[in-house]
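Novice: let's see this in three dimensions:
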Amino acid sequence: MSPHRRSYTDEYLDPEKVLSLLKKKFRKTSDDMVLREHRGGAANGGSYQCLWVRVEKHRFLDMVDTLMEIDFPHFQITSGDDIGDAIELNYHFSIFRSVGRGKRLGVTVSVVVPKDDLVMPSLWERIPGTEYSEREIREMFGVDFDGLPNKGLVFLPEDWDEDIKPWRRDETGPKPEDIRELS
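Specialist: Below is the predicted model:
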């Protein structure tokens, strides 16, 4: 068995229990972990909960491994934001099995990556489906993913100047002369 493969709990855990387990293990406060309810559908009858967790970069893989102990985290996407001196990455997951039949818990793990050290550990070895999302974040924000085997461009043309990061708001972002009209 791979060192990253875990046996999942057989116990059903409500979202509050998942929150409590993570707070205890990571010694987090309610400022670092928040459980939110989202409603939708006919007359706002359907709902699901989403847990937002902020961890330090060096604890990121520990957090993902802990989620894997609870249930396999189904990866959705990584989103990001240039917040000044850092890039904030938000890894969006869902867990199903351990929260009960027909239910899901969204889990977003946020990590702040300082611009003077734009390197994150890749999740590719644990969850291969993260490859294209990590490649997108790399080309658009300049975050390198340690352990990602293919770092080729996904969306930008092959002749793109890789020193220009389209989603950055600083000097590495595109200048007006770097942007061309397509129509």
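Novice: residues in contact with the lowest-mean-pLDDT helix or strand in the chain: which ones?
Specialist: Ranked by mean pLDDT, DSSP states H and E, the helix or strand of the chain with the weakest confidence is strand 33-40, at a mean of 81. Here strand 33-40 makes contact (C-beta atoms under 8 Å, 6 or more residues apart in numbering) with 15-16, 19, 22-23, 26, 45-54, 106. For the C-beta atoms, the positions are set from N, CA and C on the backbone; glycine is no exception.
Novice: what of stretch 76-94?
Specialist: Residues contacting stretch 76-94 (C-beta under 8 Å, 6+ apart): 64, 67, 73-75, 104-116, 118, 120, 123, 130, 133-134, 136-137, 140-143, 167-170, 173.
Novice: which residue sits closest to Ser133, ignoring its sequence neighbours?
Specialist: Spatially, and ignoring its direct neighbours in sequence, Ser133 is nearest to Thr78 (4.3 Å; C-beta to C-beta, 6 or more residues apart in numbering).
Novice: tell me the SS of the one you found?
Specialist: Per DSSP: H, G, I helix; E, B strand; the rest coil, the local secondary structure of Thr78 is strand.
Novice: how about the one 3 residues further on?
Specialist: Asp81 falls in the strand class when you classify it by three-state DSSP.
Novice: show me where the chain has its helices.
Specialist: Along the chain, the stretches classed as helices by DSSP state H are 15-26, 60-70, 131-141.
Novice: now the first one: buried residues?
Specialist: Of the residues in helix 15-26, those scored as buried under the neighbour-count criterion (16 or more other C-beta atoms under 10 Å) are 15, 18-19, 22, 26.
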